[in-house]
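S.K.: Any chance you can model this:
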Amino acid sequence: MDLDRAADAFARHLTQVRRLSPSTVRAYRADLRDLADAAGDRALGDIDLEVLRDWLWRATQRGDARSTLARRAAAARSFFSWAKDEELIGLDPALRLVAPKRGRTLPAVASKDGMRDLLDERARIAADGDPVALRDHAILEMLYGTGMRVSELCGTDLDDLDQDRSTARVLGKGSKERVVPYGRPARDAVGAYLTRARPVLAARATTATPAVFLGVRGGRLGVRAVYSLVAEALGPIIGADAVGPHALRHSAATHLLDGGADLRAVQEILGHASLGTTQIYTHVSSERLTATYRLAHPRA
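M.R.: Okay, here's the model as predicted:
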């Protein structure tokens, strides 16, 4: 079996057996496609450690980020381990494959005052009753109020919302379901959207959808539209052009910890499989505290 055919089978395994998210499967499949290009006409069993090292070296020369190199090494290790278990190869060439260590980069986080001003302004705009303005206000409140991923927000259906308890049921990575709480501002914004805006948008659709958030044509709202909304709204506050919905997730987590929330509770809210993933936000809080101290204390 050649590498491309094996990679297709591996992608099906990741989707059907390991139940990884579609974005992770796409990323791993793209990495293996790049490996196939680098390996040329070599059969799957002829790929050795030197081929893999040369592949990563070429990516380094291209200027790929360390995080990309680390993901590619992980994709190769996972793929060849699977291939050996499936008896497609005799020896696993990726056992000793090492990628450069990831440098720690702290996520972009909006200030509490900045978020308050942004959401208050969006509430004022939505007060005129424009359906899209009402929807956009509700989206920003939900992303910040729950810390959910953009894919989770776009995948939320009407039955997933419990407005009485102010909770939302979301389907996270690995098809893991969790329930996340949200506060009164998000509940009010979503309530106004569901009552005054969603019926208007739904009337434009040719086919009904159970999605909470709808596009201008009445279908389920896509991830790209949410990216555009957040970039336009949040970019000026954070001071960066390339700002996506994850910045609201970062901000929610950091502000929860700043407010005294337990790290385990934040892990549950965010749906992190590992506590180590959540701990990055303790570093964000620590750095913000240190920066404030240095600015404010006369003996800093």
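S.K.: Let me see the contact set for the closest residue to Ser23 other than its chain neighbours.
M.R.: Leaving aside its sequence neighbours, Ser23 sits nearest to Ser151 (C-beta to C-beta, 6 or more residues apart in numbering; 7.4 Å). In short, each C-beta sits where N, CA and C put it, glycine included. Neighbouring residues of Ser151 by C-beta atoms under 8 Å, 6 or more residues apart in numbering: 21, 23, 223.
S.K.: Relative to the whole chain's centre, how far out is the strand or helix carrying Ser81?
M.R.: Taking DSSP states H and E as the criterion, Ser81 maps to helix 66-85. How far helix 66-85 lies from its chain's middle: 20 Å, per C-alpha atoms, centre = their mean, to the nearest Å.
S.K.: So which bits of the helix or strand that comes right after it are buried?
M.R.: Counting by DSSP H and E, the next helix or strand C-terminal to helix 66-85 is helix 112-126. Of all the residues in helix 112-126, those buried under the rule 16 or more other C-beta atoms under 10 Å are 114-115, 118-119, 122-123, 126.
S.K.: Quick one: list the elements packing against helix 112-126.
M.R.: Judged by 3 or more C-beta pairs under 8 Å, 6 or more residues apart in numbering; DSSP states H and E, helix 112-126 is in contact with helix 131-146, helix 184-192, helix 223-238, helix 246-258.
S.K.: tell me the most buried of those helices?
M.R.: helix 131-146 (a mean of 25; mean count of other C-beta atoms under 10 Å).
S.K.: what angle do that helix and helix 223-238 make?
M.R.: If you take axes from the mean of the first three to the mean of the last three C-alpha atoms, to 10 degrees, helix 131-146 sits at 70 degrees to helix 223-238.
S.K.: Measure how buried the nearest residue in space to Val150 that is not next to it in sequence is and give me the count.
M.R.: Nearest residue to Val150, sequence neighbours excluded (C-beta to C-beta, 6+ apart): Pro245, at 3.9 Å. Applying other C-beta atoms under 10 Å, we find 25 residues neighbouring Pro245.
S.K.: residues in contact with Pro245?
M.R.: 143, 149-150, 153, 226-227, 230.
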